[in-house]
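>>> okay, structure incoming, though there's no sequence with it:
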């Protein structure tokens, strides 16, 4: 079977075979060209779908509206096409005010597609202005439609002149050339245009004339095959169906002629409510008179046993996680009452075909009637998608029944013959590289015991919904699988001689088998090339896809991605490019709505299209993830997108307003004034503190990357506002390594004209530097500004920070004094959320001073406020203070109860307070002699610190207290072990 990339050459060869013009020397009329036709370097195809080759290579004709314009010009055959006619075809409904300008722009694009070196203001040789519209000037041999019409003209002239052989030959060549409808890839609405309807009527008329001429001169066999194709496209045309019946009779296929009559009679009744007309009835009487009886029923010869599976992929790595699933699907094939369909989906280069072929070879013996394989070319680089009728023709031929391709809307009869061939047989059918469910559906058998494997970059949702297909997502290789692939390709010695480089390659290729295979091929072809050199090439983000390229576009990462990208709707393609703006790794629905400047509902539709095309993963509802190499490809496309500055502006606005909304949900008013939310931005909204806290945890890396982006765009005030809203109130808002960024913003803060923003930045930086000496300076500068502005809330916050600073230095007296001052100012503001935060710090200061009764009373007051005000983010911290003070006061039952409540109900970005509470639960429960709850506390503590919790515990309580909590749990664990051993 010819490989997909050979298809353009095959089409050219087919054209050459069909062209009988040079052999028709006895027809004296010279070859007629269109007026003023220039020498052509472009060749156009309209039958079976619109296509163009320029200088021997296929070209992309652009978006659908552009293709409609070209189709109308080709259909006109060199005549002028008015602008109004073009507009009517391009827009089914009311055209926009800019319709004319859009048409002119598309025409300009077409000119430069046909003549790449054409200046933007030149008209070129092909597409010329004509009146209010345009005309396309081509030589006859440059268009299959023009050749078709010329052949018909010659046939008529030859027959009229008495040269029957030349006439029939010309007719048969035209009939073969036009066996498929024109422009089948255009939208149905566009095909209702008069010139396209006229071409189809012309095909029917030519088929009738050619077939009648062929039968009249004993050449019915040559006409039958293309006549079947044309007749299938016009199932209600009684004259054409009658002609087909006569052709079947003339070629000795009377039973097929009866089938044509029965099928047409049924369609006329079902669709029009009429009986066959006189012409069809007369053809049927002629058939019966020819001697047909019911014993002449079709008896096809025994079908061959196909064995078409391609060879397994070299270096294949077994995916153990999928093996059991696939084997279960195999057993279903023999137990289900219907055909079993398995769809292997995933992004380009992920190894779907390799997996399908490997599995198919493993199970081939289970299907004694053979294996069929077909590459449907759903996303091949030449854009020549195999139609269902082409696929059926190939499959039927493989089963011993040569047939013809039929138009999409009339594929039923062909599919019925295919299903009949497979009835009662157990066949394995592998349909590779499918475009969508509509392409696959006619290729499904109906017999129980057969198995269909489909590979596609499309998720085939319709096939899963309607046909019950089993969908299996083929994900990236694991690190171990990636390592094995490289070892399989390079050999163990070569692959493992540089372990560090091997690990780095595995990381950079991100589990994509195609990328790993390209790296392996590069090393294998260059025996002196060390793996470290490949690492250097692949490490550069700007050149990564260049390093993963090859001479063959089918084995090139960038090209493979581009096939999926080019198949997207223009709006989805724009969103794919815009994804590269988002710093990731996860992308929320709202953030992409903002970046793309569309509504939330529209964003979901477009992102769903990307997920369906396997260019994006939706790991959880409303949360999307882009593969590392796809992100690199999107970034290359983004570099050429003029709207990039707008994407970045909207990204900054999204995170600015989302962060301020999360901060406000924690019952604190964000400091400073910012621009209102733009109408094209959709910031996040939060119904609860827990939602806001989860957003902070999830989005912190992206938020800080966006702060950098805002600075790069000179948006200092917006960057400052994001820094101040970058974490829940009371939490450390500056991650490790981000202090220089905040200091840079602080240096420019005096120019913002917002003293309170400068003061908040100073206070934030002071928090970060604690307990180092610079913290005092920053905090006291902040306090001075707040005092000058008579901002009591700001003063209360700074005094609270000074209390925390004093605690970190072990100065408990100063911590209590600052804490008391913070609480006093907070009470004066009458802001309950501020008071709750200040009471929290004062309670900590009391406990660290061993004033447990006072600390418990302060904590009880603070927790009561937090619960009334729904300050859920404070509950866990208050629970820790109350549990600890209760344990130290010997109130063990309360310590245990509060600890359990805090662990189950508390909300926090950090696991630090959870670790502390779990330690207190373990010790208090043990002191109560409640071993079960003590064990529970130990297990929770150990689980939390195993997940980076000990570092967070140190950040929460300081290293000395963190070590004390760990020692506490170790003590309980040891005592529990002793008790367990004694029993």
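Happy to help now that I have it. Keep in mind the model is a prediction, meaning the values are calculated, not measured.
>>> so where do the strands sit in the stretch 401-550 of the chain?
For the stretch 401-550 of the chain, applying DSSP state E, counting those that start in this stretch gives strands covering 428-434, 451-456, 470-473.
>>> by how many degrees do the longest one and strand 451-456 diverge?
Between strand 428-434 and strand 451-456, the angle formed by their directions is 10 degrees, by axes from the mean of the first three to the mean of the last three CA atoms, to 10 degrees.
>>> enumerate the positions of strand 428-434 that are buried.
428-434 (16 or more other CB atoms under 10 Å). Using the backbone N, CA and C atoms, a C-beta is placed for each residue, glycine as well.
>>> most widely separated two among those?
Greatest spatial distance in the buried residues of strand 428-434: 428 and 433, 17.2 Å, computed using CB to CB.
>>> let me see the contact set for residue 90.
When contacts are counted by CB atoms under 8 Å, 6 or more residues apart in numbering, residue 90 is found next to 65, 68-69, 99, 102-103, 190.
>>> out of those residues, flag the one nearest to residue 918.
Nearest to residue 918 among the contacts of residue 90 is residue 65, at 63.5 Å by CB to CB.
>>> hmm, which helix or strand of the chain has the shakiest average pLDDT?
In the chain, no helix or strand scores lower on mean pLDDT, DSSP states H and E than helix 7-18, which sits at a mean of 33.
>>> ok, back up a step: for residue 759, find the nearest of the strands of the stretch 401-550 of the chain.
Across the strands of the stretch 401-550 of the chain, residue 759 has its closest neighbour in strand 470-473 (51.6 Å, CB to CB).
>>> strands paired with the closest one, and their directions?
strand 340-345 (parallel) (DSSP bridges).
>>> so how far is the partner strand from its chain's centroid?
Mean C-alpha position of strand 340-345 versus that of the full chain (CA atoms, centre = their mean, to the nearest Å) differs by 18 Å.
>>> does anything pack onto the helix or strand just after that strand? Which helices or strands?
For strand 340-345, the following helix or strand on the C-terminal side (DSSP states H and E) is helix 352-363. Counting contacts by 3 or more CB pairs under 8 Å, 6 or more residues apart in numbering; DSSP states H and E, helix 352-363 is packed against helix 320-335, strand 340-345, strand 428-434, strand 451-456.
>>> and the angle for helix 352-363 with strand 451-456?
Orientation of helix 352-363 against strand 451-456 (the same axes, to 10 degrees) gives an angle of 160 degrees.
>>> compare the mean pLDDT across the strands of the stretch 401-550 of the chain and name the weakest.
Lowest mean pLDDT within the strands of the stretch 401-550 of the chain: strand 470-473, at a mean of 86.
>>> got the contact list for that strand?
For strand 470-473, the external contacting residues (CB under 8 Å, 6+ apart) are 322, 325-326, 329, 332, 340-346, 459-460, 464.
>>> re earlier: turn the strands of the stretch 401-550 of the chain into TSV, columns for distance to residue 850.
Listed next are the strands of the stretch 401-550 of the chain as TSV, based on distance: least, CB to CB, whole Å:
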stretch	distance to residue 850
strand 428-434	73
strand 451-456	69
strand 470-473	58
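>>> between those, which gets nearest to residue 878?
Residue 878 lies closest, by CB to CB, to one member of the strands of the stretch 401-550 of the chain: strand 470-473, at 44.5 Å.
>>> list the buried residues in that closest one.
So, applying 16+ other CB under 10 Å, buried residues of strand 470-473: 470-472.
>>> same check, this time on stretch 44-60
Using 16+ other CB under 10 Å as the test for burial, stretch 44-60 gives 44-53, 58.
>>> what of stretch 704-721?
For stretch 704-721, by 16+ other CB under 10 Å, it's 704, 706-707, 709-711, 715-721.
>>> repeat for stretch 259-278
Result for stretch 259-278 [16+ other CB under 10 Å]: buried residues 259-261, 264-265, 268, 276.
>>> which residues of the stretch 651-800 of the chain fall in helices?
Remark: helices assigned in the stretch 651-800 of the chain by DSSP state H, counting those that start in this stretch are 689-712, 716-724, 739-749, 755-769, 774-788, 792-808.
>>> I'd like to know which elements the fifth one is packed against.
Secondary structure elements in contact with helix 774-788, counted by 3+ CB pairs under 8 Å, 6+ apart, are helix 755-769, helix 792-808.
>>> and the buried residues of stretch 704-721 as a markdown table, adding pLDDT?
What follows is these, written out as a markdown table (pLDDT from 0 to 100):
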| residue | pLDDT |
| --- | --- |
| 704 | 91 |
| 706 | 94 |
| 707 | 93 |
| 709 | 94 |
| 710 | 93 |
| 711 | 92 |
| 715 | 91 |
| 716 | 91 |
| 717 | 91 |
| 718 | 92 |
| 719 | 92 |
| 720 | 91 |
| 721 | 91 |
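>>> which one of the contacts of residue 90 is nearest to residue 760?
Of all the contacts of residue 90, residue 760 sits closest to residue 102, with 50.2 Å by CB to CB.
>>> separation between the closest one and residue 418?
43 Å (CB to CB, to the nearest Å).
>>> of those two, who's got more company?
Shown here are residue 102 and residue 418; by other CB atoms under 10 Å, residue 418 has more neighbours (23 against 17).
>>> tell me the pLDDT of that one.
At residue 418, the predicted lDDT confidence score is 84.
>>> residue 30 too?
Listed pLDDT for residue 30 reads 33.
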